[in-house]
Structure formats: C-alpha cells, structure tokens
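**Student:** Sequence and predicted structure are below.
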Amino acid sequence: MDHNLKNVFLKLHGEYYPFNLLSEKRAREAAEQMRFFSLKRGEKLFLVTSKPTEALYVIDGNVAVSAEGDDGKIFLAPEDSRSKPFLLTSVAQMPWIEAQDDSLVGVADMETVEYFIYWDGLVKSVDKSDERTRNLMDKMRYSLAFRRLPAENVEKAFHKMREIHVRMGDEIFQQGDPGDTFYIIASGRAEVWRRELAESAPKKIAEIGEGRTFGEEALVTGETRNATIRIAQDGVLLALDKKDFEELYSERMVKWATAEEAKAMLDSGRKILDVRYPEEFADSRIPGSSSYPLSTLRMTIVGLDHARKYITVCADGKRSALAALLLNQRGFDAVALKDGLKQWPYALES
C-alpha cells in the first residue's frame, strides 16, 4: 500500500490525539520521530518496544495486537487510537501486530510527543510582540542545552542571550583562554581544534552545527578553555555570560512539591491549576482541579485570586514549572507538582 507521508502527517494532526493539540509545524516534527509500518493483509510484525511510553496508532486498516504465545488478541481500527494512544506495553514488551487487512500503523514515543507539547506551549506563552524571542525559541527547540535547562528558566535565558554574527575563519576563543561565556550555535558550523602538548600543532577533533553548544565546560569547572573554536560557516551564535549561565543553570526559580506535599497542601485549601490542554484535562485530572492551559495562562491569570495559594500541574512537571514561574512573577504564591501526574499516586477523576 502506497502512503504519502505528507498526508499521514496531516491525518495525524487533524484526527489523532495529542497531535491535534499541536501546531501543524510541531505535529509534523513529532510525527517525523515516529516509526511507520505498512502491512499487507495477514502479514505479521514482531515489534520490539524500546520504551514503556511507546504507543501504537492505526492510520489505515485494522490490526490485531497480541503477546507471543497468547491466544488473546486486541483488535484495533483507526477510531480506537484516535482519542487515546494505545500503549504497547499494556499487551507485552514485544507484541505481535497482525494486519487484518492492508494497514498502516505508526509507533510514537509519547515522552517525545509530550516534549513537543511542552515546547509548543512555551513558545505560545511568550508575548506575541516579542517576535525575536519567539523566533529564537522556535529555532532552538532541539538544542540539548534547553532540555537540560530548568523549564522555568528557558524564556529568561533567551532574553539574556546576545546574538553574535560570525564569519568563516573567526576564532571565538583559543585553548588556554579563561572561560567567561557559554555559546549556542543558532546557525552555521564551527570546528573544534586542540593541541595535545603545548609545543604541538593543533588538530581538528570535531565539527559542530546548529543547536550544539560549546564553552560550558570551562564555566562549570572554573578551568581554562581546553580547545580552540573556529567558525567553519557564516552564522549566528547565542552567547550567555558566565554570571547569567550560573544563575540560570544552577539556581531553581520555582518551588516544587512532591505528590505527598501537594496532597497535604490540597487538603489544607490550596487550589490546583491544571495547565495541560483541555483535552488532556478532560481525560483525567486531580479531583477539584481547574483547567488553565499554559498557552493561554498569560491572559487568564488576571482572573485568579491573589489571596489563594496554587499548585500547578501538568503531565511531567515541565509545563507546570513554567506556569508556577509566571504566577510567582505576578505576585501569586504557587508551587509546581514535581514529576507531574504520571507520578501522582492518588485518585484521579475523568
């Protein structure tokens, strides 16, 4: 069966949860991380799942899912995976997928999809007039630098970063220089050159491109630069001074509450704000919580009571951290639920 991947992406974005919560661009990127399998009727696929968060989506046709040696089968059609991902580990670590007719299935890591939802919400939470920050955040979403950065500090980091336009041949720093700046490559490429001995000639040991970082090692260790960085292609660097780097990467600006602490706070009158999308909120939530999606929180925050104390909640803690930061910046008393609802051991309602 011949499938146009562009049409598959559009179908996922238009019909399947949670791809339908994302912008079209982010939905396409999330879908590009998936594995797709086209099966003829009667064909079997022995699927090895690498993560417990992997889910099966039936795009076309009908399939039966079963564990090896188990006569019991779960039959899935497209409508069975549109409203809720089908977690493969609910059947087996290595399930069989059998096509009941010509079928197309996709396997998505829901942890990756959750990251795209988080980043989409993060970009949307920035004021629309701040086009520079929005564009930079959209461009740098894959950078590991921001995956390591506490979620509540991401927007602040972009505001503090300087843009440096560089040309091929420029040396950003040399081996032995003091470490005073952290860099991210927004565009272009750079080469890493190193001398093994003081008297030896430097050798190129690596080439790094868009989204990659350099300079952090000297800032963390306090030692001098251990290599020379030379620009290999014209581009733009984002630079963060040592003081700002230490503040943003070392200090947490949000107070966290464990599930046990949050439950005690809830029992004592704290109000829970669930900052996930309305569709996620409708599926399951902590009893008594209210829906305040992160993407619209800047607008809806004006309706909250400063006399109340709040707990922000999301799937894994990333979006709730940003929400708690927004609340605290505006004078509210807010904490974020650590690890989110996936680690919540108490009752949920739907």
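**Tutor:** That came through fine.
**Student:** ok, so what distance separates the spatially most central residue of the chain from residue 11?
**Tutor:** By CA atoms, centre = their mean, the mean C-alpha position of the chain lies nearest to residue 115, the distance being 2.2 Å. Taken as CB to CB, to the nearest Å, the spacing of residue 115 relative to residue 11 amounts to 22 Å. (Glycine included, C-beta is placed from N, CA and C.)
**Student:** Over to residue 211?
**Tutor:** Taking CB to CB as the measure, residue 211 and residue 11 are separated by 29 Å.
**Student:** Residue 334 too?
**Tutor:** Using CB to CB, we find residue 334 at a distance of 38 Å from residue 11.
**Student:** What of residue 140?
**Tutor:** With the distance defined as CB to CB, residue 140 ends up 29 Å from residue 11.
**Student:** Could you do residue 118 as well?
**Tutor:** When CB to CB is applied, the distance between residue 118 and residue 11 equals 23 Å.
**Student:** How about residue 66?
**Tutor:** With the distance defined as CB to CB, residue 66 ends up 26 Å from residue 11.
**Student:** Give me the neighbour count for the residue nearest to residue 239 when sequence neighbours are not counted.
**Tutor:** Distances taken as CB to CB, 6 or more residues apart in numbering place residue 162 nearest to residue 239, at 4.6 Å, with adjacent residues excluded. Using other CB atoms under 10 Å, residue 162 is surrounded by 12 other residues.
**Student:** residues contacting residue 181?
**Tutor:** With contact taken as CB atoms under 8 Å, 6 or more residues apart in numbering, residue 181 is in contact with 173, 215, 219, 239, 240, 241, 242, 245.
**Student:** pLDDT value on it, please?
**Tutor:** Here, the pLDDT recorded for residue 181 equals 93.
**Student:** if we can go back for a sec, take the contacts of residue 181 and keep only those in helices.
**Tutor:** Using DSSP state H, the subset of the contacts of residue 181 located in helices is 219, 242, 245.
**Student:** Quick check: of those residues, which has the highest neighbour count?
**Tutor:** Result: residue 245 is most packed of the ones in helices among the contacts of residue 181 (other CB under 10 Å), 21 neighbours.
**Student:** how much space between the nearest residue to that residue once chain neighbours are set aside and residue 321?
**Tutor:** Closest residue in space to residue 245, ignoring its immediate chain neighbours: residue 182 at 4.5 Å, by CB to CB, 6+ apart. Separation of residue 182 from residue 321 (CB to CB) stands at 21 Å.
**Student:** Among those two, which residue is more densely surrounded?
**Tutor:** The neighbour count for residue 182 versus residue 321, taken as other CB under 10 Å, is higher for residue 321 (29 against 26).
**Student:** Surely that one is in contact with residue 337?
**Tutor:** No - Residue 321 lies out of contact with residue 337 (CB atoms under 8 Å); the separation is 9.4 Å.
**Student:** Now the common contact residues for the two.
**Tutor:** Taking CB under 8 Å, 6+ apart as the contact rule, residue 321 and residue 337 both touch 256, 312.
**Student:** Relative to the centre of the chain, find the outermost residue for me.
**Tutor:** Here the centre of the chain is the reference, and by CA atoms, centre = their mean the most remote residue is residue 199, at 44.9 Å.
**Student:** strands paired with whichever strand or helix holds residue 235, and their directions?
**Tutor:** Taking DSSP states H and E as the definition, one finds residue 235 inside strand 228-241. Each strand paired with strand 228-241, and its direction, by DSSP bridges: strand 162-166 (antiparallel), strand 171-173 (antiparallel), strand 181-194 (antiparallel).
**Student:** Please identify the deepest-packed of these.
**Tutor:** The densest packing among these, expressed as mean neighbour count by mean count of other CB atoms under 10 Å, is seen in strand 181-194 with a mean of 20.
**Student:** Next secondary structure after that one?
**Tutor:** Next in sequence after strand 181-194, counting helices and strands by DSSP H and E, comes strand 203-208.
**Student:** And the helices in the stretch 251-350 of the chain?
**Tutor:** For the stretch 251-350 of the chain, the helices identified by DSSP state H, counting those that start in this stretch occupy 259-267, 278-283, 297-300, 318-329, in order along the chain.
**Student:** Deepest-packed of the ones you listed, please.
**Tutor:** Between those, helix 318-329 has the highest mean count of neighbours, a mean of 25, where neighbours are mean count of other CB under 10 Å.
**Student:** count of neighbours near residue 51?
**Tutor:** By the other CB under 10 Å criterion, the neighbourhood of residue 51 contains 13 residues.
**Student:** correction: residue 111
**Tutor:** When neighbours are counted by other CB under 10 Å, residue 111 registers 14.
**Student:** contacting residues around it?
**Tutor:** The neighbours of residue 111, taking CB under 8 Å, 6+ apart as the test, are 51, 53, 316.
**Student:** Mean pLDDT per helix and strand in the chain: which one sits at the bottom?
**Tutor:** Least confident helix or strand, the chain: helix 144-148 with a mean of 67, by mean pLDDT, DSSP states H and E.
**Student:** Give the next helix or strand downstream of that one.
**Tutor:** Moving toward the C-terminus from helix 144-148, the first helix or strand encountered (DSSP H and E) is helix 154-160.
**Student:** which residues touch that next one?
**Tutor:** By CB under 8 Å, 6+ apart, the surrounding residues in contact with helix 154-160 are 122, 125-126, 133, 136-137, 140, 146, 149, 238, 240-241, 244, 248, 253, 322.
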